[in-house]
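generate coordinates for the sequence data below:
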Amino acid sequence: MEERQLSQYPSGRPTQEHTSIGTLGGINRRDTYCEEPLPFDKERVQEFVDEFERYAETWDLTDRMKRRHLKHLLPKKLHAELQEIFTCDEPWSSIRAYLLEYGEIEKMKQRRNQVKKLRSLAMRKSSEYSLVRFLLYYEIYADRCNEVSDERKCKILLKVIPKHVTKVAMEPLVEEDYTFGSILGQLKEYAKRKAYEREYFYDSSSESEYFSGSSDSDEEEQGRRGQNTGRHRKNGIVRATVVEEKLKSAQDLDKLKNLEDMVLKLSDLVEKLLADKHFNHPRKHTRRCLYCDSLEHLRNRCPEFQEALHKGLLKVRENGRICFMNGAPIVPRFGQGGMKTYFSEN
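Okay, here's the model as predicted:
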């Protein structure tokens, strides 16, 4: 009876177009219509099972009808694994348990793969890039790893960062506030502050004093910068001369960086032009005369070509090709003197 009822539909199951008022092929329809669940997705197995059960409850499907409907929604690989269950007429509870177990296994595989990729990215990028750039990369990729817990992300991150950096950066935090977002935020602030100090040789708190143009002498200002950095302090004595040398060399370094950037941009432009095959093609992008190989004019304005035509030494075909009077073609020698050299040789 059930097979006869299901044979009324091309796909073997009721669809949205068979939702008229009354009965549906012998199946009593409820007052509310429930759409057919979406195809199976291994990332949302629990949602798929809940949608399918809601759909089956709406249409009063038996276990046999559930199995027949489920075949059309599962991928081929999973359908082959469930073939024994389908043929043995197992109840829906066993199929449901198998699907949920399959979903948990797929989540474990996905979590394992994400942890491997996150760990490899942390090991590779931490050695290649600066701390600021590495933390930005890690934050972007960690947001994509939705199956990895925040605790695991923190462990992977703290393994590749030096201990003295984490000790100083996480000092303002309380142990209760140790979350992935707070730890990452403190590390980013520490990395930016250190990069700023490394570039300008003074603490970020003295930035306003530096740009305000104070009335102090240059020596006092440079000595204060050296004290703020703490880089050249030994036994309480500040090496002001070292700070002065670094400040002078910093200006030269800025000029060298600008020159290096200009050279790199110019070299990139030259490489792009030389790598273009069409740019080096002699016929397409250099307007040469076919006859005398001159760059000043084309063949229609070449006096030597017009003279050869009048003498009857060569002719132009209907398709525009230049050839001898007997029809033999003339090879254009671009960059080697043009057709004139070939004509003189033959």
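
could I get the full set of strands for this protein?
Ranges of strands within the chain are 23-24, 27-28, 233-234, 237-238, 314-316, 322-324, based on DSSP state E.

by mean pLDDT, show me the worst of these.
Looking at these, the lowest mean pLDDT belongs to strand 23-24 (a mean of 40).

and Ile156, how many neighbours?
Ile156: 20 surrounding residues under other C-beta atoms under 10 Å. To be clear about C-beta, it is placed using only N, CA and C from the backbone, and glycine gets the same treatment.

residues touching it, list them.
Contact partners of Ile156, counting by C-beta atoms under 8 Å, 6 or more residues apart in numbering, are 115, 118-119, 122.

next: Glu296.
Here Glu296 is in contact with Cys289 (C-beta under 8 Å, 6+ apart).

do you know how far it is from Cys289?
Note on Glu296: its distance to Cys289, by C-beta to C-beta, to the nearest Å, is 8 Å.

ditto for Leu314
Leu314 is 14 Å from Cys289, where distance means C-beta to C-beta.

of these two, who's got more company?
Shown here are Leu314 and Cys289; by other C-beta under 10 Å, Cys289 has more neighbours (21 against 17).

the stretch 1-150 of the chain: helices as residue ranges?
Under the criterion DSSP state H, counting those that start in this stretch, helices of the stretch 1-150 of the chain are mapped to 2-6, 45-58, 63-71, 76-81, 83-87, 92-128, 131-144, 150-160.

now the longest one: buried residues?
With burial defined by 16 or more other C-beta atoms under 10 Å, the residues of helix 92-128 counted as buried are 92, 95, 99, 102-103, 110-111, 114-115, 118, 121-122, 125-126.

dump those to TSV, plus distance to Glu57 and pLDDT.
As requested, the buried residues of helix 92-128 are arranged in TSV below (distance: C-beta to C-beta, whole Å; pLDDT from 0 to 100):
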residue	distance to Glu57	pLDDT
Trp92	11	86
Ile95	15	86
Leu99	17	88
Tyr102	22	87
Gly103	21	87
Gln110	30	86
Arg111	32	86
Gln114	35	86
Val115	38	87
Leu118	41	86
Leu121	45	82
Ala122	47	83
Lys125	50	71
Ser126	53	71
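
pick the one among those closest to Thr341.
Taking C-beta to C-beta as the measure, Lys125 is the one of the buried residues of helix 92-128 closest to Thr341, at 59.3 Å.

which residues does the closest one contact?
By C-beta under 8 Å, 6+ apart, the residues touching Lys125 are 133-134, 137-138.

low-confidence ranges, this protein, go.
Counting by pLDDT under 70, the chain shows low-confidence ranges at 1-35, 176, 198-253, 256, 273-286, 333-335, 343-346.

which one, of the helices of the stretch 1-150 of the chain, ends up nearest to Gly338?
Nearest to Gly338 among these is helix 92-128 (53.2 Å), distances taken as C-beta to C-beta.

report the angle between the axes of that closest one and helix 150-160?
Angle of helix 92-128 versus helix 150-160, following axes from the mean of the first three to the mean of the last three C-alpha atoms, to 10 degrees, is 20 degrees.

surely Gln336 and Arg288 touch.
No: using C-beta atoms under 8 Å, Gln336 is not in contact with Arg288; the gap is 10.9 Å.

ok, these two, which is more surrounded?
Arg288 (19 against 11).

gap between that one and Leu295?
To Leu295, Arg288 is 6 Å away according to C-beta to C-beta.

try Ile95
79 Å.

now Ala122, nearest residue through space, not along the chain?
Distances taken as C-beta to C-beta, 6 or more residues apart in numbering place Val160 nearest to Ala122, at 4.7 Å, with adjacent residues excluded.

am I right that Tyr43 is in contact with Arg111?
Let me fix one detail, which is that residue 43 is Glu and not Tyr. No: at 11.6 Å, Glu43 does not count as touching Arg111 under the criterion of C-beta under 8 Å.
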